[in-house]
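[1] got a predicted structure here, sequence first:
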Amino acid sequence: MVSENELKLSSPTISNNEKQKFQVANREEPLDVLHYLIKKNEINIYDIPIAEITEQFLEYLDYAVTTDLENLTEFYAMAADLLYIKSRMLLPMEVSFDGEEIEDPRQELVDKLIEYQKFKKLSNLMEEKEEESEWSFERKRIQRVLPFEEEELWEKVDTWDLLKTFSSLISSYSAEKILDMYEEISVSEKITLMNELLENKGECSFTDLIVRKENLLDIVCAFMALLEAVKFKMASIYQNRMFGDIKIRPYQAA
């Protein structure tokens, strides 16, 4: 029996206008494209028709225009993940020894998309509240870079790891507190603080940017400032364990 989601995707997938729009927009993250396709086709995020959504994602990838090879690699990695999930979905449902069904191959992707949606809502809220302020970074060349003092291994991580750490930090806060405390702190304040710490010390941690730890907006503004720094290649981020503190250093190519 054909599901409602499959019916919605049975029509021609991408119009010429959409292809042109995608070329101009050049979305920055693979999850941006997946979220767009799910919203466009009115798909239930908990029941993604993986074969069709993979086909549409690959079609978008054919029309992607970018000179950023690192970004393009992320798209191909997501395409590989989608094809892997698609192949898993073609197999009979696995059953464990106790008779329970093995986790849906789509579950990890669903979890990522749910976290992405939370982040987008929060990001849009912050953009609305900051529309009268300038978010700017000074592209300073920092010559002095201090080595890590710790013996433990710090590995370079990406924005997805940053998002997971941020989600764990704010899990105990109420979203309504953001509006109540808006006037107290700004993203530009955190940007300035980050620049000063990197210039004077050569490195800092994410918690160094959080002056008022009981204040949710302080954490949110620090997170948004760090996202901007990573996005515009002003900083690289490192972590020594999952959900651990984030180490920030001047940008270094992978």
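    Looks like it came in fine. Numbering: from 1, shown residues only.

[2] what sits against the closest residue to residue 197 other than its chain neighbours?
    Distances taken as CB to CB, 6 or more residues apart in numbering put residue 204 closest to residue 197, at 3.9 Å, once the chain neighbours are dropped. Glycine gets a C-beta too; all of them are placed from N, C-alpha and C. Contacts here follow CB atoms under 8 Å, 6 or more residues apart in numbering; on that basis residue 204 touches 194, 197-198, 247-248.

[3] of all those residues, which two lie farthest apart?
    Using CB to CB, the contacts of residue 204 span at most 12.6 Å, a distance reached by 194 and 247.

[4] can you give me phi and psi for the residue nearest to residue 197?
    phi -160, psi 180 (degrees, to the nearest 10).

[5] now do it, the pLDDT please.
    Looking at residue 204, its pLDDT reads 93.

[6] equivalent analysis for residue 164, please.
    So residue 164 comes in at 71 (pLDDT).

[7] ok, now residue 170?
    With respect to pLDDT, residue 170 scores 64.

[8] repeat that for residue 201.
    pLDDT, read off for residue 201, is 91.

[9] number the residues from 5 up from this point.
    Done: numbering now begins at 5, and the last item shifts to residue 205.

[10] near it, how many other residues are there?
    Number of residues near residue 205 (other CB atoms under 10 Å) recorded here: 12.

[11] same thing with residue 223?
    Residues near residue 223, counting by other CB under 10 Å: 23.

[12] equivalent analysis for residue 197, please.
    By other CB under 10 Å, the residues close to residue 197 number 18.

[13] mind checking what helix or strand follows the one helix or strand it maps to in sequence?
    Mapping residue 197 onto the secondary structure by DSSP states H and E places it in helix 191-205. The helix or strand immediately downstream of helix 191-205 is strand 208-209, counting by DSSP H and E.

[14] just checking, what packs against the helix or strand that that next one is followed by?
    As assigned by DSSP H and E, the chain's next helix or strand after strand 208-209 is helix 220-235. Judged by 3 or more CB pairs under 8 Å, 6 or more residues apart in numbering; DSSP states H and E, the packing partners of helix 220-235 are helix 111-133, helix 163-174, helix 181-184, helix 191-205, strand 239-243.

[15] tell me which residues in the helix holding residue 197 are buried?
    Neighbour counts using 16 or more other CB atoms under 10 Å place 191-195, 197-199, 201-202 of helix 191-205 among the buried residues.

[16] stretch 60-70 too?
    Buried positions in stretch 60-70, judged by neighbour count with 16+ other CB under 10 Å: 60-61, 64-65.

[17] do you know how far the nearest residue to residue 82 once chain neighbours are set aside is from residue 116?
    Closest residue in space to residue 82, ignoring its immediate chain neighbours: residue 34 at 3.6 Å, by CB to CB, 6+ apart. Distance, residue 34 to residue 116, using CB to CB, to the nearest Å: 10 Å.
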